[in-house]
Each structure stands twice: as structure tokens, then as C-alpha cells.
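> below: sequence and its predicted model.
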Amino acid sequence: MAFHWLKIFVRCYATVRMDFTNTFGEVTIKPLIFLGLFLILVVFTVLTFQKDDQSNPVLPQTQPSKEISLYHYFSGSFGGGIQEMIDQINKRNHGEQVTIHALDHEAFKSMIHYTISNGNPPELFTYWAGAKTQALVDQNQLEPFDDLWQEISVKGQFTPAIVEAASTYNGKKYLLPITQHLVVFFYNKKLLAREKLSPPSSWPEFLLFCQTLKERGLPAIALGARERWPAQFWFDYLLLRTAGPEYRSALMQGKASYLDPEVIEAYRIWAEMLGKGYFNQNANTIDWVEATEMVCRGDAAVTLMGTWAIQLFTSKPCNAEEGVDLDYFTFPVINKGVVDSLLGPIDGIVLTRESTYHEFAKTVLAYFAETRPQEFMSSGSGALAPSQKVPREFYSPLKQRLLNEIKKSSNWAFNYDLATPTPVAEEGLDSFNELIAYPEQYKNILKDLDQETTALFAKKKSNPF
């Protein structure tokens with residue numbers, strides 16, 4: 001602004017001088033008069049600067065007083081929901097912000113352990129409830145938040161079963177549940193109608209269902225086990241339906257042997273199904289997405305998968321409509337005397353011990369427990385919300401039925417790689433792929449697995465991993 005007035009002064013002076021020259025001839029302005037005019041200009045300029053500073057102060061760049069990080073594995077087509085949650089909480093906390101970092105599952109597994117071991121962990125990260133969280137608790141890497149849980153529990157957001165199975169470790173609360181997935185058989189409804197078949201409701205009916213489709217030149221079951229983990233659901237359910245959840249829990253903890261009759265029976269049933277051709281022949285070379293698309297196209301009838309598959313079924317290229325093209329049934333009962341169990345992972349958010357700003361991080365956790373954020377995650381990931389405060393009307397009719405399955409089941413189990421220590425799970429996952437390739441060798445496969453897991457559990461006792 002001051003320079004603007006200076007320009008005006010110069011132009012005016014030049015104009016006045018030119019006018020005097022044209023009218024009176026050469027005019028000489030005395031030095032004192034010029035000096036006086038110059039001083040007036042200086043004073044005017046200073047006053048103008050001060051006025052400018054007062055009316056238009058320079059505002060400092062505002063930075064969050066606290067900024068925390070949240071690392072998560074809800075990426076790609078399953079990434080919806082978490083960004084909406086973070087946007088909402090950042091709007092609430094102008095001086096305190098959350099920055100999120102998304103990675104795919106495999107990259108996340110290695111990255112999070114690297115940051116923890118190097119002493120630079122994020123304040124918050126998503127993690128799988130069960131043995132994986134238990135391992136970090138045992139290593140003293142996580143911060144409990146029982147004080148916050150007192151407030152959450154008063155609101156009755158989560159059922160006692162969820163709290164006990166997913167949130168509580170060594171008697172304290174370490175994980176805030178944000179998604180719950182159920183593993184069921186998803187099937188191509190139009191294919192079954194074409195083949196004049198009904199969803200089986202018992203184990204004999206299921207085996208007949210598989211045999212009928214095989215005789216018609218179609219694999220009943222699509223399995224994509226290239227990444228190993230999709231195969232685990234078969235071992236999980238076969239063991240749960242024949243030996244029951246208590247025995248399975250003992251096996252997962254190293255208190256039972258992989259050479260026990262219960263495990264041999266589960267492997268035998270699975271091996272016979274593989275040997276009879278009830279599965280697609282390329283199970284070890286395709287992934288779960290390709291297996292799901294086989295069901296979409298009608299190249300197979302069913303796939304045993306978690307509810308995250310709904311996202312894939314209902315989007316391109318499948319574009320299946322729930323209840324019209326797509327439906328589900330639960331894993332049939334094998335032994336009627338065994339306790340009914342359902343299976344699936346629960347994802348949550350944990351707080352690291354070595355990070356800063358714990359109190360702000362707890363505020364974020366409290367927000368994630370609210371109904372609307374739980375709905376965001378359900379919509380974006382295909383999961384059911386762990387919170388029982390989410391109204392039934394929020395879900396589609398198919399998901400409402402899935403919710404009923406959970407409510408009426410007497411036991412909830414985490415899938416194999418979330419139920420047993422990671423080194424043991426790695427050996428077990430390898431054995432599933434071996435069984436798919438060589439079903440007739442199931443007893444030898446179990447002998448090798450028993451030796452490996454026995455050594456790992458013995459090592460754990462002397463040096464917990």
C-alpha cells in the first residue's frame with residue numbers, strides 16, 4: 001500500500017513540475033521545499049505501513065498441536081469406511097489430527113513389526129483379534145485402555161462374547177472391535193435353480209450335493225488357496241463340527257497333538273472330498289478372488305469364504321444381486337452332539353505402548369466405538385459391525401440373516417491363523433496346501449506337521465514368540 005502512494009506522489013510531482021514548466025517556463029523548486037515534501041512522504045508511508053499491519057495482520061500457518069498416525073490394512077476395494085471415519089474425527093478435533101496410512105495385508109504384516117521393533121510405532125493400528133494381538137500383548141508392545149473401556153461398556157456397545165473373545169487379553173482391554181466377518185458358503189443361486197438343487201442343510205445332503213454336481217461335470221466347490229489362508233476355513237470347520245470348540249482350542253494352544261484321532265479325522269474327511277473331485281483342480285494356483293469369480297460365472301456352485309466376499313460378488317465384474325444371484329448357507333452339522341460354532345475374524349484397533357499422545361489416541365478409539373463409525377466400516381468392508389447398537393434396518397436382508405446366525409450361535413471361533421501362534425500357523429497353512437496337492441498322503445503330512453508344531457510349542461515355553 002505504501003509503495004502505491006509513493007507511485008502516486010512521484011506521478012503528481014512530475015505532473016505539477018511539467019505544468020509549471022509549460023506555464024511559467026523553467027521553474028526551480030528550492031531544496032527546502034523538496035525536503036519538506038519528502039519528509040511528508042516518509043511520515044505518510046510509515047503511517048500507512050502501520051495501518052496495513054493492523055488491518056491486515058499476517059496470520060501464522062496453523063499446524064495441529066497434536067498429530068497421530070493410524071496404520072491399517074483396509075486397502076483397495078475394501079478401503080471404504082475408514083477414510084470417512086478419519087474425516088469425521090478430524091473435523092471434530094481442529095488442533096488434533098489423525099493421519100492414516102493404508103497398506104495391503106502382506107505389506108502391513110511386515111511393516112508393523114518393523115516399526116515396532118525399531119521403536120517408531122504409530123499411535124494406532126488395525127490388527128486381527130486373537131493370537132496375533134495376544135502375541136503383542138505378551139511382548140509388552142500394546143497399551144491397555146481399561147479406563148476408556150469403562151465408558152464404552154456403560155453404553156453397551158459390544159456383547160460380552162465379543163468383549164471376551166476379541167478385546168480382553170491377560171485380563172485387560174487392548175483391542176477396539178471395528179469389523180466382524182462370518183465365514184459361510186456363498187452360492188450361485190441361479191446355478192442351483194438351473195440344476196434343480198437346494199442348499200444342503202445336513203452333512204449327508206452336502207456330500208450328495210457335491211457328488212451330483214461332479215457327475216454333471218461341474219466342481220461343486222471353488223477354492224483359491226494360492227495365498228494359503230483361504231484353505232484354513234476347511235480345517236477349521238471340519239474340526240469344529242467333529243471335535244468341537246474345546247478340543248480345537250486345546251490344539252491351538254499346543255495342549256493337544258496333530259496326531260490325535262480328532263485331527264486325523266478332520267484331515268481324512270477333507271482328503272476324501274479332494275480325492276473325489278469335489279473341488280476345482282487348480283485350487284493351489286488361484287487366489288480367493290478367482291475362486292469367487294468362478295462361482296459368479298457359474299463355473300462352480302459354492303465357495304467357503306468370509307463376508308468380505310459380498311463386496312466382490314456385488315461389484316464389477318460379478319454384479320450379483322443379493323437374494324437373486326447370490327445367497328449363503330452355513331457349514332452343515334456333522335456330529336449332532338458337538339456344540340454349534342461359527343467362525344470368522346474380528347478386526348480392531350490397538351494402541352501402541354511406545355507411541356506418544358496416548359490420551360488423544362484414546363479419544364479416537366472412543367469415536368470408533370460409536371454407532372456411525374461402525375456403520376461406515378460395515379459399508380466399506382462388507383463386514384458386520386461388532387457394535388450391537390447398529391440398527392437391523394441398516395443391513396441388507398441377506399446381512400440381517402447373517403446377523404441372526406451370529407446371535408443364535410453358542411460359540412465364536414477365530415480362524416486358524418488367528419487362533420494359534422503365528423509360527424505354528426505358518427506350518428499349518430503349508431500343510432493345507434500339501435493336502436490339496438496330495439490328499440492321499442494326509443497321514444504323512446500330519447506326522448510332519450506334528451513334529452514341527454511340537455518343537456515350536458516347546459520353544460515357546462522357554463522363549464515366548
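Thanks, I have it. Numbers count the residues shown, from 1 in each chain.
> and the spatially closest residue to residue 260 that is not a sequence neighbour, how far from residue 430?
Setting aside the residues directly before and after it, residue 260 is nearest to residue 251 in space (CB to CB, 6 or more residues apart in numbering), at 7.6 Å. Every C-beta, even on glycine, is put in place using the N, C-alpha and C of the backbone. Residue 251 is 17 Å from residue 430, where distance means CB to CB, to the nearest Å.
> next: residue 325.
As it turns out, when the distance is counted by CB to CB, residue 325 lies 35 Å from residue 430.
> more crowded one of the two?
Remark: of residue 325 and residue 430, residue 325 carries more neighbours, 19 against 15, as counted by other CB atoms under 10 Å.
> show me the contacts for the closest residue to residue 335 other than its chain neighbours.
Spatial nearest neighbour of residue 335, chain neighbours left out: residue 242 (5.5 Å); criterion: CB to CB, 6+ apart. By CB atoms under 8 Å, 6 or more residues apart in numbering, residue 242 lies in contact with 262, 265, 266, 269, 334, 335, 338.
> ok, so of those, who is nearest residue 199?
residue 334 (16.4 Å; CB to CB).
> just the element for the closest residue to that closest one other than its chain neighbours, please.
For residue 334, ignoring the flanking residues on the chain, the nearest one in space by CB to CB, 6+ apart is residue 241 at 4.0 Å. Secondary structure from DSSP states H and E places residue 241 in helix 232-242.
> next helix or strand past that helix?
Proceeding C-terminally, helix 232-242 gives way to helix 245-252 as the next helix or strand, assigned by DSSP H and E.
> list the buried residues for that next one?
Of all the residues in helix 245-252, those buried under the rule 16 or more other CB atoms under 10 Å are 245, 247, 248, 251, 252.
> which of the residues in the helix or strand that it is followed by are buried?
The C-terminal neighbour of helix 245-252 among helices and strands, as given by DSSP H and E, is helix 261-275. Of the residues in helix 261-275, those scored as buried under the neighbour-count criterion (16+ other CB under 10 Å) are 262, 263, 265, 266, 267, 268, 269, 270, 271, 273, 274.
> for stretch 421-429, same thing?
Neighbour-count burial for stretch 421-429 [16+ other CB under 10 Å]: 421, 423, 424, 425, 427, 428, 429.
> now the second one: how far from residue 133?
From residue 423 over to residue 133 the distance is 16 Å, taken as CB to CB.
> try the first one
Per CB to CB, residue 421 is found 12 Å from residue 133.
> for the fourth one, same thing?
Separation of residue 425 from residue 133 (CB to CB): 14 Å.
> just give me how far the helix or strand harbouring residue 403 sits from the chain centre.
Assignment of secondary structure by DSSP H and E places residue 403 within helix 397-408. Its chain's C-alpha centre lies 21 Å from the corresponding centre of helix 397-408 when counted by CA atoms, centre = their mean, to the nearest Å.
> what's the burial count for the residue lying closest to residue 112 once chain neighbours are set aside?
In space, and not counting its chain neighbours, residue 112 is closest to residue 125: 5.8 Å by CB to CB, 6+ apart. Under the neighbour criterion other CB under 10 Å, residue 125 is assigned a count of 25.
> show residues contacting the helix or strand hosting residue 125.
Of the helices and strands defined by DSSP H and E, residue 125 is found in strand 124-128. Where contact means CB under 8 Å, 6+ apart, the residues beyond strand 124-128 that reach it are 68-74, 98, 112, 133, 136, 175, 178, 345-352, 361, 364-365, 414, 418.
> weed out the non-buried ones from those.
A residue is treated as buried here by neighbour count (16+ other CB under 10 Å); on that basis the buried members of these are 68-74, 98, 112, 133, 136, 175, 178, 345-352, 361, 364-365, 414, 418.
> is it true that residue 382 touches residue 309?
Yes: with contact defined as CB atoms under 8 Å, residue 382 and residue 309 form a contacting pair (7.3 Å).
> quickly note the distance from the residue nearest to residue 112 to residue 92.
Distance, residue 125 to residue 92, by CB to CB: 21 Å.
> for stretch 98-112, give the mean pLDDT please.
Rounded to a whole number, the mean pLDDT of stretch 98-112 is 88.
> how far is it from where the chain is centred?
The offset between the C-alpha centroid of stretch 98-112 and the centroid of the whole chain comes to 10 Å, using CA atoms, centre = their mean.
> tell me which residues in it are buried?
In terms of neighbour count (16+ other CB under 10 Å), stretch 98-112 has its buried residues at 98, 100, 102, 103, 108, 112.
> possible to save the residues you listed as a markdown table with secondary structure?
A markdown table is the format used below for the buried residues of stretch 98-112 (DSSP: H, G, I helix; E, B strand; the rest coil):
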| residue | secondary structure |
| --- | --- |
| 98 | strand |
| 100 | strand |
| 102 | strand |
| 103 | coil |
| 108 | helix |
| 112 | helix |
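> the stretch 51-200 of the chain: helices as residue ranges?
Listed in chain order, the helices found in the stretch 51-200 of the chain under DSSP state H, counting those that start in this stretch are 82-92, 105-117, 131-138, 146-155, 160-162, 189-194.
> chain center to the fourth one: distance?
Meaning helix 146-155. Relative to the chain's own centre, helix 146-155 is displaced by 23 Å; criterion: CA atoms, centre = their mean.
> quick one: residues contacting residue 448.
Taking CB under 8 Å, 6+ apart, we find residue 448 in contact with residue 431.
> ok so, going back, what are the contacting residues of the helix or strand following the helix holding residue 403?
Later in the chain than helix 397-408, the nearest helix or strand by DSSP H and E is strand 412-413. For strand 412-413, contacts defined as CB under 8 Å, 6+ apart pick out 161-162, 165, 236, 240, 245, 248, 341-344, 406, 419.
> average model confidence for strand 412-413?
Per-residue scores along strand 412-413 average to 92.
> again, but for stretch 436-449
For stretch 436-449, mean pLDDT rounds to 98.
> give the buried residues for that stretch.
By neighbour count with 16+ other CB under 10 Å, stretch 436-449 contains the buried residues 436, 439, 442, 445, 446, 449.
> how distant is stretch 387-407 from the center of its chain?
The offset between the C-alpha centroid of stretch 387-407 and the centroid of the whole chain comes to 19 Å, using CA atoms, centre = their mean.
> sorry, that was for stretch 182-201
28 Å.
> quick one: end-to-end length of it, please.
The straight-line separation of the ends of stretch 182-201 (CA to CA, to the nearest Å) is 18 Å.
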